[in-house]
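J.: how does the following fold in three dimensions:
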Amino acid sequence: MLTLSQISRRLFSSAVCLVAGFCLNVVPTFAATITFGTPKWIKGDTDVITTGTLKYAYCWADTSGGAHTTTLNGVTFTNSKEYYKTPGTNPDVTSPDMTPGGGPGLGFSGCSYNPTAPSCALSAAYQKFLDGAFQMTGGGAGNFTLHNLTVGHKYLIQLWNCISGWGESRPAYYTTPGGDTMVLQCNVDAVPGTLGQFGSGTFTADSTNQTIHIFPSATYAARFCGVQVRDISGNLSVTINQAAGQADPTTGPINFTVVFSSAVSDFTNGDVTVTTAGGPALTQTITGGGTTYNVALSGMTLATGTITASIAAGVAHNDSAKANEASTSTDNSVTYGTIPPNIITWGTPAYVAGNSDISTTGTFKYAYNWGGATVTINGVTFTGTTSAGNIGSSPYDITMASAPGNGWTTPLVEKIFQSPDGITGDYGTELLPGGAYVDGTDKILVTLNNLTSGHTYQVQIWSENAYYDGGKTILICGDTVTLDKNQNDGWAGKGQYVTGTFTAGQNGPTITIAGTQGPGGDKAGILNALQVRELPATGAVIRNRNIATSAANNFGKTLIYDVRGRVVGISENGKLPKSNRAGIYLLKSAVSGKTGERCVIR
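T.: Numbers count the residues shown, from 1 in each chain. Purely as a prediction, here's the structure:
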């Protein structure tokens, strides 16, 4: 791990580059706000976006013979290697479409492409495309400026980052002042042969030029293998995603939200392509108008399984008779059915605030504190442990291991972290400063044991690193949630905790704990503490101290809301309806509107 002085130097260096807008730049910067989408792992030629009209596209393929082109998914990328001097020097001749800027070490670099699985599954053209890069070496930051843009036009920019030949993780950060920051990983598993990521963003040009800043993590080189710019002005784009508040999985209603980039009037029932795992065809009811529509599906059975919704190109038109492009989505699928055993449904993460963060819902099962002493907080006793293997007495409550294969290192348990600001007592000095972690991009596997099959449990997990800057902890157990380890990305910042629910199977769930790297170099997934509690059986009502209970015993007819505020049922005089959806629900009087208690349905 990095020392505090190293972190401070890197934070200062990165901050200077970002705030000032340059780091030894040789060109002025221009910065319309870019909105970046979610990065995706490289899979094949269809990664290359064809929306709108190609403006220009370049790559730095490591091949001899001077200028050449590489064509992927119908898009031709011009090799720009000839525009640069020997690697390690600043260029003095640049493409008319793009100007680089940055410190020493700017230039072309080969990526030592490794043609082993899964990278060998790519086309020969894609492999060549990924075998070179434009990079800023030696830990320096830099930028590149796009030229020949039309003011007022909307553009899409797409970038790639991949180092398949080296077993390293070298994420690069791309940003514009006041805009989003996109992080592209260069190697999914940090082993030779695996692939990196690509991503895209959109912006409306306020100048004929647009500057994108690029900076590395730690001392690694920031780079990109290729770039394309497309003019998407006037396109009729459309997105379709789960509606806000849609339960997933569910045995209730299923709704999707459709948003067009401009108003349409001929979008109607049947225009959505719906695929299912099985069962009968579903009925779609489309309501709304202008740019925004709701798609309600009906006719689901337990055989339906996962439902995916999309919109083909050409089904709707705007006032200019422009036909829509094929839809894009961030989450356009919903599973119809019950939650399988050992799948944890995570709630919304929250920043640590005080002792009341510790749940007292249900019946205490066990709780552990890695790296700290045994402490009791909010009536819950966390047993201190320094073990990264078997936790508790045999039969062990928790078993820990590193992710198998690829030479993962043994998890470390230490009390080396800083207490977060404002968190006092044992919570701040014992529970949060210690933790279990693995260096690098390795992962921890945490299996919860000594649970009763078919019973419903609650698990709480804390991830805090007030000593280092940035980075996230990712928890995966069927569902995925990301925790911020440091709210301030600096000294004494607060981390987050999360609460999840699950139904135990014959064996308990296994949670994968991974990390993402922050600007200062901290990339470990951290587990500070964990608590497991058993929730009451079907229909049992439990009190919640944060909800008024004055009318709890005289509700009469009661609406049942899920945690997202959606009505999921009605009870009579405290008797709860049978539900196939396990979870925690809020009771609300249908007569007075008062809320009283929470219930657990299993």
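J.: now do the helices in the stretch 101-250 of the chain.
T.: 124-129 (DSSP state H, counting those that start in this stretch).
J.: and the strands in it?
T.: Assigned by DSSP state E, counting those that start in this stretch, the strands in the stretch 101-250 of the chain fall at 106-110, 132-136, 142-146, 154-161, 172-175, 181-184, 197-204, 210-216, 222-224, 226-231, 238-242.
J.: so what are the sheet partners of the fifth one and their directions?
T.: Right, the one you point to is strand 172-175. strand 181-184 (antiparallel), strand 210-216 (antiparallel) (DSSP bridges).
J.: out of those strands, which one sits most buried?
T.: Each of these was scored by mean neighbour count; the highest is strand 210-216, a mean of 25, by mean count of other CB atoms under 10 Å. C-betas here are computed from N, CA, C, even on glycine.
J.: low-confidence ranges in the stretch 51-200 of the chain?
T.: Along the stretch 51-200 of the chain, segments meeting pLDDT under 70 span 62-68, 81-95, 101-120, 136-141, 165-170, 177-179, 188-193.
J.: please redo it, this time with the cut-off set to 80
T.: By pLDDT under 80, the weakly predicted segments of the stretch 51-200 of the chain are 60-68, 79-96, 98-121, 131-143, 163-174, 176-180, 186-194.
J.: hang on, the earlier thing: dump the strands paired with strand 172-175 to JSON lines, plus distance to Asn269.
T.: Formatted as JSON lines, the strands paired with strand 172-175 follow (distance: least, CB to CB, whole Å):
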{"stretch": "strand 181-184", "distance to Asn269": "37"}
{"stretch": "strand 210-216", "distance to Asn269": "41"}
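J.: quick check: which of the ones you listed is nearest to Tyr58?
T.: Tyr58 lies closest, by CB to CB, to one member of these: strand 210-216, at 13.4 Å.
J.: just the C-alphas of the closest one, formatted as PDB.
T.: Output in PDB follows, covering the C-alpha atoms of strand 210-216 (Å, rounded to 0.1, in the frame of the first residue of the first chain):
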ATOM      1  CA  GLN A 210     -12.900  19.900 -27.600                       C
ATOM      2  CA  THR A 211     -10.200  18.900 -25.100                       C
ATOM      3  CA  ILE A 212     -10.300  15.700 -23.100                       C
ATOM      4  CA  HIS A 213      -8.000  15.300 -20.100                       C
ATOM      5  CA  ILE A 214      -6.500  11.900 -19.400                       C
ATOM      6  CA  PHE A 215      -4.600  10.900 -16.300                       C
ATOM      7  CA  PRO A 216      -3.300   7.600 -14.800                       C
END
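J.: pLDDT of that strand, averaged?
T.: Regarding strand 210-216, the rounded mean pLDDT is 83.
J.: just want the angle from that strand to strand 132-136.
T.: For strand 210-216 against strand 132-136, the angle by axes from the mean of the first three to the mean of the last three CA atoms, to 10 degrees is 90 degrees.
J.: what angle do strand 210-216 and strand 197-204 make?
T.: Computed by the same axes, to 10 degrees, the angle separating strand 210-216 from strand 197-204 equals 150 degrees.
J.: the chain should start at 319 in everything you say after this.
T.: Done: numbering now begins at 319, and the last item shifts to strand 528-534.
J.: closest one to Gly818 among the strands paired with strand 490-493?
T.: strand 499-502 (25.2 Å).
J.: show me the contact partners of the closest one.
T.: By CB atoms under 8 Å, 6 or more residues apart in numbering, the list of residues contacting strand 499-502 from outside reads 354-355, 357, 477-479, 489-493, 514-517, 519, 542, 834.
J.: what helix or strand is Gly608 on?
T.: Element membership of Gly608, judged by DSSP states H and E, is strand 601-616.
J.: for that strand, which positions count as buried?
T.: Of all the residues in strand 601-616, those buried under the rule 16 or more other CB atoms under 10 Å are Gln602, Ile604, Tyr611, Val613, Leu615.
J.: on contacts alone, who are the packing partners of it?
T.: When contacts are defined as 3 or more CB pairs under 8 Å, 6 or more residues apart in numbering; DSSP states H and E, strand 601-616 packs onto strand 572-582, strand 623-628.
J.: pLDDT averaged over the longest one - what is it?
T.: In other words, strand 572-582. Throughout strand 572-582, pLDDT has a mean value of 93.
J.: that strand: what's the following helix or strand?
T.: Defined by DSSP H and E, the subsequent element after strand 572-582 is strand 591-593.
J.: now do the shortest one
T.: Moving toward the C-terminus from strand 623-628, the next helix or strand (DSSP H and E) is strand 651-654.
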